[in-house]
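*Asks:* Predicted structure and sequence below. I'll ask about it afterward.
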Amino acid sequence: MEAKEMIAQLIERARKAQAVAEGYTQEQVDELVAAIAWSVSNEETAKQIARMAVEETQLGNYDGKYAKITKKVRGALRDMKGAKTVGVIERDEAKGLIKFAKPVGVIGALVPTTNPEATPVIKSMDAVKGRNAIVIAPHPRAKKTNTFIVNTMRAALKKYGAPEDLIIGIEEPSIESTSELMKQCDLVVATGGAGMVQAAYSSGTPAYGVGAGNAVIIVDETADLDDAAHKIMLSKTFDYATSCSAENSLVIVESVYDALLEKLQAEGGHLATAEQKAALQKTMWDDEGHLSRFIVAQPASKIAELAGISIPEDKKFIMVQETEVGPQAPFSGEKMSVVMTLFKVPDFAAAVDQVNKITGYQGTGHSCGIHTTSDERIEVLGNSVKVSRIMVRQPQCYANSGNWDNGMPFTLTLGCGTWGGNIASENITYKHFINVTWVSSPITPVIPSDEELFGDVM
């Protein structure tokens with residue numbers, strides 16, 4: 001069967017299921033979302049999914065994937081609890097406005113091989129929360145994992161009397177089938193590489209995409225260095241850096257550079273020599289500057305082995321020192337690995353400039369972070385950088401996509417605004433999966449005087 005016909009059949013099934021869901025109450029919707037979340041995040045199923053994802057993709061590690069399924073899914077559910085997505089969602093009597101939530105329809109979801117465990121679950125929860133159906137296109141290297149997850153969620157829907165076809169997975173994904181899905185669905189949500197996101201925006205269907213990650217973290221002279229080093233290690237090594245939010249570069253103020261370096265080494269960081277750095281660069285990128293898939297989301301020992309260098313067995317991540325930014329200095333870009341780049345700068349002002357240089361090369365619009373105790377510097381950074389999220393004194397990859405100890409919405413789809421070629425600069429959640437009808441009734445006219453409008457310019 002040709003891809004076009006196959007996808008058309010899946011879309012037809014999804015539309016029939018969505019037509020049923022469109023008549024659900026808020027209580028029915030919320031019950032289904034909770035059932036979907038529990039079906040995959042209960043301990044035994046989460047363990048099975050984590051093992052399956054690592055075995056099939058050969059990316060990341062069991063602990064990281066188990067944590068994502070159990071924490072991110074629960075966090076997304078927490079954020080949805082009590083949120084209105086059916087019927088009247090807002091009334092503003094003063095302005096005479098009533099807002100009604102409506103489904104988008106059938107959502108086409110693209111899932112990357114780096115995060116195949118929680119991404120399809122959260123997207124399905126978001127979709128059903130808005131009374132939509134969803135068709136999921138996994139990466140071919142994660143198709144078995146995706147099929148298991150989808151079937152688990154479908155069983156939960158059936159248990160609660162809902163059409164199973166509210167969630168459909170493409171069991172044999174291909175470039176052709178994914179392309180057809182993007183053309184035939186009502187909304188595309190693309191999480192993955194630049195090529196995938198560009199294809200989504202070129203499909204002719206409304207789309208939410210993500211930008212390239214290349215998170216840069218400032219550590220200034222006011223920081224608690226022990227706390228900073230530990231949190232950087234936790235984030236950089238989580239799931240072997242499958243997350244695009246993992247620290248790619250540290251920009252360190254000169255006066256604390258040596259002290260932080262010592263603490264990072266104590267946390268399991270290996271500082272590469274000049275010779276080792278050269279060997280790593282040759283291994284990690286080809287002659288055209290493309291990142292090798294063989295080093296992505298692998299343990300430090302394997303990356304070192306591939307590069308032909310020797311590092312102590314207890315080392316968890318590799319650090320390289322750099323002074324340049326741009327294509328001639330590939331370590332200044334995104335690495336999707338437990339390799340992190342260190343930049344030394346004279347002061348905080350130079351650190352802010354360096355963040356802009358690095359994200360200007362790769363990762364504009366995505367994120368940066370800072371370890372500081374100065375509220376003033378946090379505000380300066382917030383005003384000065386072209387990113388959609390800044391994490392303060394937090395493990396970057398934990399925090400960007402929502403954590404129990406911050407207010408970021410839980411998701412695994414991070415919009416990067418027009419800086420990153422995206423329409424949204426928010427964390428993509430259920431709010432982006434509904435249409436809203438505004439109903440306006442007449443009110444007493446509100447007509448300001450010219451003095452109120454123009455003030456001193458008159």
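*Replies:* Sure, I can see it.
*Asks:* What's the end-to-end length of stretch 371-379?
*Replies:* For stretch 371-379, the separation between the terminal residues is 13 Å (Cα to Cα, to the nearest Å).
*Asks:* what's the longest helix in the protein?
*Replies:* Identified as the longest helix of the chain according to DSSP state H is helix 3-21.
*Asks:* Just the buried residues of it, please?
*Replies:* Ala3, Met6, Ile7, Leu10, Ile11, Arg13, Ala14, Ala17, Gln18, Ala21 (16 or more other Cβ atoms under 10 Å). C-beta: built from backbone N, CA, C; applies to glycine.
*Asks:* Remind me what that helix packs against, helices and strands.
*Replies:* For helix 3-21, the elements it packs on are strand 106-110, strand 133-137, strand 167-169, helix 175-184, judged by 3 or more Cβ pairs under 8 Å, 6 or more residues apart in numbering; DSSP states H and E.
*Asks:* a strand runs through Gln394, doesn't it?
*Replies:* No. When classified by DSSP: H, G, I helix; E, B strand; the rest coil, Gln394 is found to be coil rather than part of a strand.
*Asks:* Surely it and Cys368 touch.
*Replies:* No. In this structure, Gln394 is not within contact of Cys368 by Cβ atoms under 8 Å, at 11.8 Å.
*Asks:* Pick out whichever of those two has more residues nearby.
*Replies:* Cys368 (28 against 21; other Cβ atoms under 10 Å).
*Asks:* State the pLDDT value of the more buried one.
*Replies:* For Cys368, the pLDDT comes out at 98.
*Asks:* Look up phi and psi at it.
*Replies:* Cys368 adopts backbone torsions of phi -150, psi 170, taken as degrees, to the nearest 10.
*Asks:* what's near enough to touch it?
*Replies:* Ala215, Val216, Ile217, Ile218, Val355, Thr359, Leu381, Val385, Val387, Ile390, Met391 (Cβ atoms under 8 Å, 6 or more residues apart in numbering).
*Asks:* 7 Å instead, please
*Replies:* Ala215, Val216, Ile217, Val355, Thr359, Val385, Val387, Ile390 (Cβ atoms under 7 Å, 6 or more residues apart in numbering).
*Asks:* before we move on, what about Asn132?
*Replies:* So Asn132 contacts Gln18, Pro103, Val104, Gly105, Val106, Ile107, Phe433 (Cβ under 7 Å, 6+ apart).
*Asks:* Turn those into TSV, columns for pLDDT and distance to Lys183.
*Replies:* As requested, the contacts of Asn132 are exported to TSV (pLDDT from 0 to 100; distance: Cβ to Cβ, whole Å):
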residue	pLDDT	distance to Lys183
Gln18	98	18
Pro103	98	20
Val104	98	16
Gly105	98	14
Val106	98	12
Ile107	98	14
Phe433	97	19
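*Asks:* quick one: which of these is nearest to Ile168?
*Replies:* Val106 (9.1 Å; Cβ to Cβ).
*Asks:* what's the neighbour count on the closest one?
*Replies:* By the measure other Cβ under 10 Å, the count of residues near Val106 is 25.
*Asks:* Also Phe294?
*Replies:* For Phe294, the neighbour count with other Cβ under 10 Å is 12.
*Asks:* Quick check: next helix or strand after the helix or strand of the chain with the lowest mean pLDDT?
*Replies:* Counting by mean pLDDT, DSSP states H and E, the weakest-scoring helix or strand in the chain turns out to be helix 194-201, with a mean of 79. Downstream of helix 194-201, the next assigned helix or strand under DSSP states H and E is strand 207-208.
*Asks:* what's in contact with the next helix or strand after that following strand?
*Replies:* Sequence-wise, the next helix or strand downstream of strand 207-208 (DSSP H and E) is strand 216-219. With contact meaning Cβ under 7 Å, 6+ apart, strand 216-219 is reached by 228, 232, 247-253, 256, 260, 351, 355, 358-359, 368-371, 396.
*Asks:* Relative to strand 216-219, what are the paired strands and their orientations?
*Replies:* Sheet pairing of strand 216-219 (DSSP bridges) gives strand 249-253 (parallel), strand 365-371 (parallel).
*Asks:* For the helix or strand following the shortest one, name the packing helices and strands.
*Replies:* Past strand 249-253, further along toward the C-terminus, the next helix or strand under DSSP H and E is helix 254-266. Packed against helix 254-266, as judged by 3 or more Cβ pairs under 7 Å, 6 or more residues apart in numbering; DSSP states H and E, are the following elements: helix 225-237, strand 339-345.
*Asks:* Identify each buried residue in helix 254-266, please.
*Replies:* Those would be Val256, Tyr257, Leu260, Leu261, Lys263, Leu264, for helix 254-266 by 16+ other Cβ under 10 Å.
*Asks:* before we move on, what about stretch 346-354?
*Replies:* In stretch 346-354, counting by 16+ other Cβ under 10 Å, buried: Phe348, Ala351, Val352, Gln354.
*Asks:* Was I right to think Gly108 contacts Val188?
*Replies:* Yes. Counting by Cβ atoms under 7 Å, Gly108 does reach Val188; the two are 4.9 Å apart.
*Asks:* which one of those two has more residues nearby?
*Replies:* It is Gly108, of Gly108 and Val188, that has more neighbours when counted by other Cβ under 10 Å, with 29 against 26.
*Asks:* bridging residues for the more buried one?
*Replies:* Under DSSP bridges, the beta-bridge partners of Gly108 are Val135, Val188.
*Asks:* one step back: nearest to Glu176, of the buried residues of helix 3-21?
*Replies:* Ala3 (3.8 Å).
*Asks:* circling back to that earlier point, most neighbours per residue, which of the helices and strands packed on helix 3-21?
*Replies:* Counting by mean count of other Cβ atoms under 10 Å, strand 133-137 has the highest mean neighbour count of the helices and strands packed on helix 3-21, with a mean of 28.
*Asks:* contacting residues around that strand?
*Replies:* The contact list for strand 133-137 (Cβ under 7 Å, 6+ apart) reads 10-11, 14-15, 17-18, 21, 106-111, 120, 123-124, 127, 146, 150, 165-170, 173, 177-178, 181, 185.
*Asks:* Model confidence for Val20, exactly?
*Replies:* The model reports Val20 with a pLDDT of 98.
*Asks:* In space, what's closest to it - neighbours in sequence excluded?
*Replies:* What sits nearest to Val20 in space, not counting adjacent residues and going by Cβ to Cβ, 6 or more residues apart in numbering, is Pro163, at 5.2 Å.
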